[in-house]
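[1] prediction below, plus the sequence it came from.
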Amino acid sequence: MASKAVVQEQPRGNNLGGKQKNVQGRNRRALGDIGNLVSAPAVEGKPQTQISRPITRSFCAQLLANAQAAAEKNSKKPLAQIVNGVVGKEGVPIAATQKKEFVKPKKEAVIVISPDEDEKSQRTARKSSKKTGKTLTGTLTARSKAACGITKKPKDPIANIDAEDVDNELAAVEYVEDIYEFYKVAEDDARVGDYMDSQPEINSKMREILVDWLVEVHKKFELMPESLYLTINIVDRFLSTRTVRRRELQLVGISSMLIACKYEEIWAPEVNDFIAISDNAYIREQVLLMEKAILGKLEWYLTVPTPYVFLVRYIKASFKADEQMESMAFFFAELGLMHYSTIIQYCPSKLAAAAVYAARCTLNKTPIWNETLNHHTGYSEDQLMECAKFLVQIHSGAAENKLKAVMRKYSNPDKAAVALFPPARNLLLPA
């Protein structure tokens, strides 16, 4: 067995910066437990080698710097790969030895949500998270309502009653709604209060006789319907402002019709025609003086909404209204004009709407009232029921009444003989 070489141990303090002495066996590797031998960092795929170099201060600083650089490279390796886009073998960037330019990441836009929007989004999220399916309670409630017959029915659509008159300039489709809104506001100005108490010599029965006679005169002269309604309006307004003697009541009637004809007719009857129709009860000067007195009391205010203007609109709103329906509505309206209580209690628009309602009931129209009529008249069935029942009651007793001018007028085939129809049973008052 060969003898081991003896190496003299040198003090560690003398090795820093000094030269080593010639020692026997220098060509042999140093032992691994000697403190001044440092192992080099291992590289992937290569065996670890040792550096047989004395640790000096400069060498120690170089090793520390190399170790820090390697650690920094390992920590920034993903960033280097992303920035450079090229990675060498075994995950080491090609330009690792070169100085890399630091790329500052872009700042992301920050969206600030206001408290209101945040709260709104939270409410929306809560609502969407709820179940959309029907609950058992809701299903049972719907079935109970259906069984009791209280299921809410959808409203009927409102028909456009002016669609056919778009090209008719006289229909004034662009302004017709505004016109009738104005009529509704202005109709109270032309209404009269209860004036019979201020008339010592005349009463409501005498007024009925006068109106019945004026209907006959209107038919005899073949005047426009507007003239009759305006005549009765002028008579009532004048009687509410001035006391009239009994023998002058007919004079008031023919003078009022003369004014109405001049206002409404193209070819108005002359004064002599009215004198002749009254069997020469008055002379020309009396008619002209009464005409002047009436216009003075009314302050020439003749453009008033009578029941006629509302009737025309409401009959048009009665979908698919025919000649029979139109004649029946005018029949009920003229029955109402004869009675003093009707004129006092109900405004012109309500009287016209009730006449249309009573006519539909008499002719068995279905439905009796719909959303279109409710929209254009502004009245519901409950609001018209009282006036409609009163008109039907007059109709039921018209055959026995001595004043038959309206009855005869609408018994004619030219008016579809609507006066001969039986009264509406559902509106007749119990006996």
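    Yes, it's here. Numbers count the residues shown, from 1 in each chain.
[2] for the chain, which spans come out with low pLDDT?
    Low-confidence segments of the chain, defined by pLDDT under 70: 1-57, 60, 74-134, 138, 145, 148-156, 321, 429-431.
[3] which parts of it are strands?
    38-39, 50-51 (DSSP state E).
[4] right, and His376 touches Leu311 too?
    No. If you go by CB atoms under 8 Å, His376 and Leu311 don't touch, sitting 12.0 Å apart. Any C-beta I mention is one placed from the backbone N, CA and C, and that applies to glycine too.
[5] which of these two has more neighbours?
    Neighbour count, other CB atoms under 10 Å: between His376 and Leu311, Leu311 has more, with 24 against 20.
[6] next up, the contacts around that one.
    Contacts for Leu311 (CB atoms under 8 Å, 6 or more residues apart in numbering) come out as Ala329, Phe330, Ala333, Ala352, Ala355, Val356.
[7] show me the contacts for the second one.
    Right, Phe330. Residues in contact with Phe330 (CB under 8 Å, 6+ apart) are Pro225, Leu311, Ala355, Tyr410.
[8] swap in the third one?
    By CB under 8 Å, 6+ apart, the contact list for Ala333 reads Pro307, Tyr308, Leu311, Leu351, Ala352, Ala355.
[9] who wins on neighbours among those?
    Counting by other CB under 10 Å, top hit in those: Ala352 with 31 neighbours.
[10] not counting residues beside it along the chain, what's closest to that one?
    Phe310 (3.6 Å; CB to CB, 6 or more residues apart in numbering).
[11] run a quick neighbour tally on the one you found.
    Other residues close to Phe310 by other CB under 10 Å number 26.
[12] gap between it and Pro348?
    6 Å (CB to CB, to the nearest Å).
[13] Glu265 too?
    Taking CB to CB, one finds Glu265 at 21 Å from Pro348.
[14] more neighbours, the two?
    Legend: neighbour count by other CB under 10 Å for Glu265 and Pro348, higher for Pro348 (27 against 14).
[15] from memory the more buried one sits against Arg313, does it?
    No. Counting by CB under 8 Å, Pro348 stays clear of Arg313, with 11.6 Å between them.
[16] residues near the closest residue to Leu427 other than its chain neighbours, how many?
    Leaving out its chain neighbours, the residue that sits closest to Leu427 by CB to CB, 6+ apart is Val392, at 4.2 Å. A total of 24 residues lie near Val392 under the criterion other CB under 10 Å.
[17] mind splitting the protein into its structural domains?
    According to automatic domain parsing, the chain comprises the domains 192-298, 307-427.
[18] between the ones you listed, which gets nearest to Ala69?
    domain 307-427 (88.7 Å; CB to CB).
[19] quick check: end-to-end length of that closest one?
    21 Å (CA to CA, to the nearest Å).
[20] please begin residue numbering at 24 from this point
    Sounds good: first residue 24 from here, last item domain 330-450.
[21] I'd like to know how far the residue nearest to Leu450 sits from Ile306.
    Between Val415 and Ile306 the distance is 43 Å, computed by CB to CB.
[22] equivalent analysis for Ser167, please.
    79 Å.
[23] what does Lys228 give?
    Distance, Lys228 to Ile306, using CB to CB: 28 Å.
[24] then Arg166?
    Counting by CB to CB, the gap from Arg166 to Ile306 is 81 Å.
[25] same check, this time on Ala195
    Distance from Ala195 to Ile306, by CB to CB: 43 Å.
[26] just to revisit the earlier point, any chance of the contacts of Leu334 in TSV, plus distance to Asp345?
    Shown next, in TSV, are the contacts of Leu334 (distance: CB to CB, whole Å):
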residue	distance to Asp345
Ala352	11
Phe353	13
Ala356	17
Ala375	18
Ala378	16
Val379	13
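[27] in helices, which of these fall?
    Among these, the members falling in helices (DSSP state H) are Ala352, Phe353, Ala356, Ala375, Ala378, Val379.
[28] which residues touch Gln406?
    Listed by CB under 8 Å, 6+ apart, the contact partners of Gln406 are Lys373.
[29] what about stretch 356-375, how long is it end to end?
    6 Å.
[30] what comes up buried for that stretch?
    For stretch 356-375, the neighbour count (16 or more other CB atoms under 10 Å) marks 356-363, 365-366, 369-375 as buried.
[31] how about stretch 270-286?
    271-284.
[32] of these, which is the nearest to Val199?
    Ala283 (23.6 Å).
[33] I'd say the closest one and Ile257 touch.
    Yes. Counting by CB under 8 Å, Ala283 touches Ile257, with 6.3 Å between them.
[34] intersection of neighbour lists for these two?
    Each of Leu325 lies in contact with both Ala283 and Ile257 under the rule CB under 8 Å, 6+ apart.
[35] ok, now how distant is Thr162 from Ala169?
    Thr162 is 11 Å from Ala169, by CB to CB.
[36] same check, this time on Leu272
    Look at Leu272 and Ala169: by CB to CB, they are 62 Å apart.
[37] sorry, back to before: now the contacts of Ala356 as TSV including distance to Ala440?
    Converted to TSV, those look like this (distance: CB to CB, whole Å):
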residue	distance to Ala440
Pro330	22
Tyr331	22
Leu334	19
Leu374	23
Ala375	22
Ala378	18
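[38] identify, from those, the entry nearest to Leu312.
    Leu312 lies nearest to Tyr331 out of the contacts of Ala356, by CB to CB, at 28.4 Å.
[39] look up how far Thr158 lies from the closest one.
    Tyr331 sits 57 Å away from Thr158, going by CB to CB.
[40] which parts of the stretch 224-373 of the chain are helices?
    Along the stretch 224-373 of the chain, the stretches classed as helices by DSSP state H, counting those that start in this stretch are 227-244, 248-262, 272-287, 294-300, 307-321, 330-340, 346-361, 363-368, 371-385.
[41] give me every residue that touches Tyr329.
    Not Tyr; residue 329 is Thr. By CB under 8 Å, 6+ apart, Thr329 lies in contact with Ala213, Glu249, Tyr252, Leu253, Ile255, Asn256, Pro371.
[42] can you tell me how far it is from Glu357?
    Computed as CB to CB, the Thr329 to Glu357 distance reads 12 Å.
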